[in-house]
Structure formats: C-alpha cells, structure tokens
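Asks: Only the shape, not the letters, is given here:
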C-alpha cells in the first residue's frame, strides 16, 4: 500500500454534476428572491402641503383627522406637522408620510382631498426612496 500524502483518491466518485442551464436557473431564482426581499423593505418618503379653504380652519385638528382616518397597511404618517404661512393670514400644513414601494401616493392625496369642506388643495413637495 502506498500512502497518499495529499489524500487524493484514485477512485472517481460518481456525483451528478449540475449542468450549466440548471446552475443558471438556480442562480436566477436566488437573485429574484433577494430582489423581492429588498423591494419589500424599500419605502418612499413623501412630503405634502395641505392648503385649507379659510383662516378659520383648525389646522392641527385637520392634521389629526387626516392621520387617524387615512390608514393603509404600509402607510406611516410623520410624528408631527409644520404650519407655514401662505398669504393673507392663511397657513398650510406641511406634513410627511412613508409608504411601501408598491403603493401610490395619488390614492392618499385623493383621500385627503375628499375632506372637501376643509381642504382646498394638496401638493406633493418631495418624494424620495429610503
């Protein structure tokens, strides 16, 4: 018996080798799974300006109404809002929210505009992917 220092077996082990097409398919599936997980974690930050009809509108109450009545599974409202002057004593609500990548900010804006007695217009001032 010869002692093999490197531990090589002269006998060929019969392992089923993966074909190139099978390997590419396996790698493609793994990449798609990683992409799906990454997209699920991605969020969009949207900043809005909500303008009221009159100076008598209680903007803090309107902001509370918007953030409590409009809800979706991936929607998260900002912790607070900022009131900014527009003109002639009218102020606007500057607010933000985050949503999933698959969601549409248009749906949320339409829901805010549905408060017709209090909201004159809603303008998107910024949108960025987090």
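Replies: That came through, no problem. Source: prediction; values computed, not measured. Residues are numbered from 1 along each chain as shown.
Asks: so which strand or helix has the nearest residue to residue 75 once chain neighbours are set aside?
Replies: Excluding the flanking residues, the one nearest residue 75 by CB to CB, 6 or more residues apart in numbering is residue 99, at 5.2 Å. C-beta here means a position set from N, CA and C on the backbone, and glycine is covered the same way. If you go by DSSP states H and E, residue 99 is part of strand 90-100.
Asks: Can you name every helix or strand that that strand contacts?
Replies: Strand 90-100 is packed against strand 43-52, helix 59-69, strand 76-77, strand 82-87, helix 105-113, with contacts defined by 3 or more CB pairs under 8 Å, 6 or more residues apart in numbering; DSSP states H and E.
Asks: report the angle between the axes of that strand and helix 105-113?
Replies: In terms of direction (axes from the mean of the first three to the mean of the last three CA atoms, to 10 degrees), strand 90-100 departs from helix 105-113 by 140 degrees.
Asks: if we can go back for a sec, format the helices and strands packed on strand 90-100 as a markdown table; extra columns: mean neighbour count and mean pLDDT.
Replies: Shown next, in a markdown table, are the helices and strands packed on strand 90-100 (neighbours: other CB atoms under 10 Å; pLDDT from 0 to 100):
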| stretch | mean neighbour count | mean pLDDT |
| --- | --- | --- |
| strand 43-52 | 19 | 92 |
| helix 59-69 | 15 | 92 |
| strand 76-77 | 16 | 92 |
| strand 82-87 | 11 | 90 |
| helix 105-113 | 15 | 91 |
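Asks: Take those and write them to JSON lines, including distance to residue 32.
Replies: Output for these, formatted as JSON lines (distance: least, CB to CB, whole Å):
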{"stretch": "strand 43-52", "distance to residue 32": "21"}
{"stretch": "helix 59-69", "distance to residue 32": "36"}
{"stretch": "strand 76-77", "distance to residue 32": "27"}
{"stretch": "strand 82-87", "distance to residue 32": "41"}
{"stretch": "helix 105-113", "distance to residue 32": "27"}
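Asks: And the ones you listed: which comes nearest residue 125?
Replies: strand 43-52 (4.9 Å; CB to CB).
Asks: before we move on, the earlier item: quick check: can you name the pairing partners of the strand holding residue 99 and their directions?
Replies: strand 43-52 (antiparallel), strand 76-77 (antiparallel), strand 82-87 (antiparallel) (DSSP bridges).
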